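Asker: Model the structure of this input:
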Amino acid sequence: MGDTSSYPETQVAGPLVTSSPDEALARAVGVPGAYDYGPERVAWLGHLVTNWMGDAGFLKRIKTRMSRFNTMGDCTWARGTVTRKYKKDGYALVDIEIKGENQRGELTTPGHATILLPSREHGPVRLPEPPGGATTCQETLDALVTRFAAEDRA
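Answerer: As a prediction, the model looks like this:
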């Protein structure tokens, strides 16, 4: 990863460089060769989960991390395993361990997801309440920023 900077509108720190298609630059930072754009792997795992849950489910949470570089030429397999099925607060939930794995069997992108699914007992999925009782998009974003900032401090 490259240097970090703040996005002026949000004051959130973010990477300036998240991939390098340049072989020489990649080697200069200690990577064996040109490498991928890591967040794309998060999208692949998101597709895995949303394709599995279908249109009737709701992706409540997905969390991943990039634990290894994918250098150019690597293959990534997206895999998932249901680890828990449970009911909580009137919701039918499923936790899934998700991962990206390369052709050498190395774990490159570990993560987990929580899905809301319809159930015989509770019927169709009821969408979660907006955070902080928000009624507008801006209130929702403000509540999420506050929640994520608190989680980062914890």
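
Asker: And the strands in this structure?
Answerer: Counting by DSSP state E, the chain has these strands, from start to end: 4-7, 12-15, 58-64, 76-88, 91-102, 107-117.

Asker: Distance to residue 140, mean neighbour count and mean pLDDT added to these, as a markdown table?
Answerer: (C-beta placed from N, C-alpha, C; glycine too.) Output for those, formatted as a markdown table (distance: least, C-beta to C-beta, whole Å; neighbours: other C-beta atoms under 10 Å; pLDDT from 0 to 100):
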| stretch | distance to residue 140 | mean neighbour count | mean pLDDT |
| --- | --- | --- | --- |
| strand 4-7 | 19 | 10 | 45 |
| strand 12-15 | 16 | 11 | 50 |
| strand 58-64 | 15 | 16 | 95 |
| strand 76-88 | 22 | 12 | 96 |
| strand 91-102 | 19 | 19 | 96 |
| strand 107-117 | 18 | 20 | 96 |
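
Asker: Would you format these as a markdown table with distance to residue 124 included?
Answerer: Listed next are those as a markdown table, based on distance: least, C-beta to C-beta, whole Å:
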| stretch | distance to residue 124 |
| --- | --- |
| strand 4-7 | 38 |
| strand 12-15 | 35 |
| strand 58-64 | 10 |
| strand 76-88 | 15 |
| strand 91-102 | 10 |
| strand 107-117 | 10 |
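
Asker: Tell me which of those lies nearest to residue 127.
Answerer: strand 58-64 (6.3 Å; C-beta to C-beta).

Asker: Just the C-alphas of that closest one, formatted as CSV.
Answerer: Taking Å, rounded to 0.1, in the frame of the first residue of the first chain, the C-alpha atoms of strand 58-64 are listed here in CSV:
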residue,chain,number,x,y,z
PHE,A,58,-30.4,-9.3,2.8
LEU,A,59,-26.6,-8.9,3.3
LYS,A,60,-26.4,-7.5,6.8
ARG,A,61,-22.6,-7.4,7.1
ILE,A,62,-19.5,-8.4,5.2
LYS,A,63,-16.0,-8.0,6.5
THR,A,64,-12.8,-9.0,4.9
